[in-house]
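Participant: Pasting the sequence and the predicted coordinates here, then a few questions.
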Amino acid sequence: MSTVLDSQRVSIDTLFYPQSRPRPVPQEVQVAAPNLASDFSEAVAVLPFSRKASAALSRRCLQHLLTTAGKAKSRDLADQIDEVLPTLPEHLAADVDAIRHVGNFAAHPMKSKITGEIVDVEDEEAEWTLDVLEGLFDFYFVEAARAQARRSKMNQKLSDLGKPPLKQP
């Protein structure tokens, strides 16, 4: 990078590093739920500047994901989480249950009973919410699309053999 100062060319060597690690939204999510993909991308983009804002946007993503892909009917996020937990793999259910608290730290001021200070969202917690959302993307969108592609391929082979297609799940 070069800058002109007082009619002289001055060279300034500067190294720029990414603000955070890249988190591309899977194509399956972009196609099936573009608003969700956009909210997730925004949560990722704002993380280096405000972990609280990122966690709040992640909470919004989680609620959108649970009501659309998870088919939760409740209005409240806590109830939506409780509704969907039994349908998730155990490791993902445990993480979803845990990150509800991170979203609460971001959305509602909470004071420590020990120090009286407002509890803030930590960097690792904001990253964790994004990790869990990625896991949910895989569960609801990516794995479902891969399974459908495998079934379609098998159905084509069965059709070529004159056999009936696989039963629909």
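Facilitator: Arrived safely, thanks for sending.

Participant: can you give me how far the helix or strand harbouring Leu66 is from the chain middle?
Facilitator: Following DSSP states H and E, one finds Leu66 within helix 51-68. Remark: helix 51-68 is offset 8 Å from the chain centroid, using CA atoms, centre = their mean, to the nearest Å.

Participant: Quick one: list the elements packing against that helix.
Facilitator: Using 3 or more CB pairs under 8 Å, 6 or more residues apart in numbering; DSSP states H and E, the elements in contact with helix 51-68 are helix 34-46, helix 77-84, helix 90-107, helix 123-137. Where C-beta positions appear, they are placed from N, C-alpha and C, glycine not excepted.

Participant: Distance to Ser159 for the ones you listed - can I get that in TSV?
Facilitator: Below are those laid out as TSV (distance: least, CB to CB, whole Å):
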stretch	distance to Ser159
helix 34-46	33
helix 77-84	36
helix 90-107	35
helix 123-137	31
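
Participant: Least reliable of those helices by average pLDDT, please.
Facilitator: Among the helices and strands packed on helix 51-68, helix 90-107 has the lowest mean pLDDT, at a mean of 78.

Participant: what about Trp128, neighbour count?
Facilitator: By other CB atoms under 10 Å, the residues close to Trp128 number 18.

Participant: Hmm, it is touching Arg100, no?
Facilitator: No: taking CB atoms under 8 Å as the definition, Trp128 is not a contact partner of Arg100, at 11.8 Å.

Participant: tally of neighbours for Thr129?
Facilitator: The burial count for Thr129: 29, using other CB under 10 Å.

Participant: what's the answer for Asp131, then?
Facilitator: Neighbour tally, Asp131, other CB under 10 Å: 14.

Participant: what does Ala53 give?
Facilitator: Using other CB under 10 Å, Ala53 has 17 other residues around it.

Participant: Please tell me how far the residue lying closest to it once chain neighbours are set aside sits from Ala55.
Facilitator: Counting by CB to CB, 6 or more residues apart in numbering, Ala53 lies nearest to Val46, which is 4.8 Å off, once chain neighbours are set aside. Taking CB to CB, to the nearest Å as the measure, Val46 falls 10 Å from Ala55.
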